[in-house]
Structure formats: structure tokens, C-alpha cells
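Chemist: Got a sequence here, can you build the structure:
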Amino acid sequence: MPEKQRFLTITEAAEFLQVSEISLRRWTNSGKLRCFRVGGRSERRFLKEDLLAFMRTMNLQSEPQAVETETNSDTLPEERHVCLFFRDPDEQWQMMRTYLLEHLGAGVPVLYIQDSTPPGRLMELLRAEGLAVDDLITRGLLRILKPEEAYLLTGRFDAQRMLAFMESAILGALAADYDRVFLTGEMTWSLPNAPGAESMMQYEALLNPLVDKYPAVTIVCQYDLRRFDGPSVLDALLTHPSVHVSSGRVAGFYGL
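Modeler: Residues are numbered from 1 along each chain as shown. This next block holds a predicted model:
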């Protein structure tokens, strides 16, 4: 294979451009820089000619220092596409509880795509909070779906199809005269190696312009830290404007 066609690892590509690997992940997640995914871990590989073209396009000269900031609730941006990290089912519920009770209690329609939570557990937890779950379902205020009814509807994940699915759910709620809608999914559906899951972070990045288009929507993507590896967690951080962890909410990751 000619030298210009040799694939570079992310470390080699970062050294070639004199930038950080975090920037390369961000640019590939946003679609600005082409990369190829290889192996069972879908590791990034780059062509030197793509890097050269990207350098000319972006006129890269120096890499600014990435800044990670933690702010209090008074200075946080509006949280509408949130990456929620949890370590066990109890922590997951305590973190999700506020979102669900706030929206369902206010009569806001909720779509919950359930995977790692055992069937029936979510309904039991909501009933324990005094919510009339059966009535909420009958009225269309609570929809609980399996991954096969959403992410893997055709047997394979497709980022554009899932984006259309989410937009359809939003438009349906707005057409029914609701002024808000809450969507959440347990992201373990992608493990291990679900068909098409390599485009999951592309989908996560596409949700950002979707929530900009529809200010009435809040989307929370739930990630189990016991099951996602370090690179996957970093990808999730880089594709969400806001992150919710058990110690509080952290903002400022978007754009790193």
C-alpha cells in the first residue's frame, strides 16, 4: 500500500497534526474529520491524505488548552441533552427519579427506552412514588419501550433512522399540545457489539442540533459505568453538552 494510504492510529494522527487525541475524537464525532473504525473495539484509524486536507481546511496552527470546568446550579446552561453516568441500579434510580417525577408530575409526556433495568422494575419504582402508572400509560404520558422497538427496530441500529424516530416522538407530543417532552434511553442496548452500534456516537452528536431545533425537549442518555470502557465513556462526554454524575452536574465538556 502506498505510504499516503497507510492508516494511522489516533496517537500517530495526533502527533502528525500536533493536536490532542481529545480533539481528534471530538472532530470525528462531529463529522468534521473522516476516520475509519476497525476491530472489535471500533478503534479509529486515519488516512494521512485526510489529515492533510483537514489541516488545510481548518488552518490548524496551535492547539488551545482544553479546559474542564465545574459550575454550580446557578450558572449551568439549560440541560436538554444530558449524559447520565451511574454505577449501580440504586444510583441509576436516584439520579433518574428527579427527571421522571418532575416531568410526569407536571403532565409532561415521557418516553423511556428500557434495557438493563429488569422488566417491571421501573413501573414498581414509579408506583412506589405514588404515581398512577397504568393511568399515565393509558393517557399516553408514559411510554416504556424495548430497544427492539426503538434503537434496533429493524434488527440493526441506524443513526439517521433513530434520529427520525426521536423527532417523530417530539412532533407527536407537540402536535398533542404538550409544551414539553422528556426522552431517555438506557444505552446498554449497544453492548456487546449490537449490529450498527459503531454509529452510536454519530447519533449522539446528531441529537445536539435536534434539541436546538426543539427547545421543548429534554433527552437523557443513561450510561452504566460498570459496562462501558474508558474510550466509550470519553466519546459520550465529548458528544453531550451536559453530564450528570452522582456528585452533581458538570457542565463545560461540550467542545473539548
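Chemist: since we're on residue 171, how many residues are nearby?
Modeler: Summarising burial for residue 171: neighbours were counted as other CB atoms under 10 Å, giving 12. The way it works is simple: take the backbone N, C-alpha and C, and place the C-beta from them, glycine included.
Chemist: I misspoke; the intended subject was residue 118.
Modeler: 9.
Chemist: per-domain residue ranges of this protein.
Modeler: Domains of the chain are assigned by automatic domain parsing as 3-58, 81-251.
Chemist: All the strands of the stretch 151-256 of the chain, residue numbers only.
Modeler: For the stretch 151-256 of the chain, strands defined by DSSP state E, counting those that start in this stretch occupy the ranges 181-186, 217-224, 242-245, 248-251.
Chemist: For these, give me TSV that also has mean pLDDT and distance to residue 43.
Modeler: Supplementary listing: the strands of the stretch 151-256 of the chain in TSV, determined by pLDDT from 0 to 100; distance: least, CB to CB, whole Å:
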stretch	mean pLDDT	distance to residue 43
strand 181-186	97	25
strand 217-224	96	19
strand 242-245	90	24
strand 248-251	41	27
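Chemist: Can you say which of the ones you listed is nearest to residue 35?
Modeler: Minimum separation from residue 35 across the strands of the stretch 151-256 of the chain (CB to CB) falls at strand 217-224, 21.8 Å.
Chemist: Quick check: what element follows the strand or helix carrying residue 29 along the chain?
Modeler: In this assignment (DSSP states H and E), residue 29 forms part of helix 21-30. Going down the chain from helix 21-30, the next helix or strand is strand 36-38, by DSSP H and E.
Chemist: Leaving out chain neighbours, which residue sits closest to residue 36?
Modeler: residue 45 (4.6 Å; CB to CB, 6 or more residues apart in numbering).
Chemist: So that neighbour versus residue 231, what's the distance?
Modeler: Between residue 45 and residue 231 the computed distance is 14 Å (CB to CB, to the nearest Å).
Chemist: thinking again about what came up before, now render the strands of the stretch 151-256 of the chain as CSV, adding distance to residue 38 and mean neighbour count.
Modeler: Shown next, in CSV, are the strands of the stretch 151-256 of the chain (distance: least, CB to CB, whole Å; neighbours: other CB atoms under 10 Å):
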stretch, distance to residue 38, mean neighbour count
strand 181-186, 27, 22
strand 217-224, 23, 22
strand 242-245, 28, 20
strand 248-251, 32, 16
